[in-house]
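Student: Model the structure of this input:
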Amino acid sequence: MNVTGCLAQGDSKNEYMIKDDSGKSFGLRADIGVDLKAHVGHKVTITGTPMKTKKVKAGQPEESERLRVSNLSMVSKSCP
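Tutor: Numbers count the residues shown, from 1 in each chain. Here you go, the predicted structure:
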């Protein structure tokens with residue numbers, strides 16, 4: 001599946017999030033060779049596969065879905 005949106009840092013060092021134009025948010029984990037950190041704050045299109053979700057800790061925002069990212073393409077160096 002492909003998702004286009006603004007890439008943001010997640011709750012921990014290796015976790016990232018993206019929110020699409022409809023407002024749906026996705027938790028992201030990258031495959032080896034995909035550098036999400038370098039694109040935080042950029043508008044990107046990611047290609048990923050859904051992952052099993054973990055239970056959410058109380059008080060933390062809930063992600064709609066979690067994706068394992070296999071590819072990333074930059075759309076813009078800034079987010080609107």
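
Student: What is the neighbour count of Asp31?
Tutor: Using other CB atoms under 10 Å, Asp31 has 12 neighbouring residues. C-beta: built from backbone N, CA, C; applies to glycine.

Student: With Glu15 instead?
Tutor: Glu15 has 16 neighbours, counted by other CB under 10 Å.

Student: hang on, isn't it packed against Leu28?
Tutor: Yes. Assessed by CB atoms under 8 Å, Glu15 is found in contact with Leu28 at 7.3 Å.

Student: could you say what helices and strands the biggest strand by length in the chain packs with?
Tutor: Taking DSSP state E as the criterion, the chain has its longest strand at strand 65-76. Other helices and strands packing on strand 65-76, by 3 or more CB pairs under 8 Å, 6 or more residues apart in numbering; DSSP states H and E, are strand 25-30, strand 43-50.

Student: could you redo the last one with a cut-off of 10 Å?
Tutor: Counting contacts by 3 or more CB pairs under 10 Å, 6 or more residues apart in numbering; DSSP states H and E, strand 65-76 packs against strand 2-9, strand 16-19, strand 25-30, strand 43-50.
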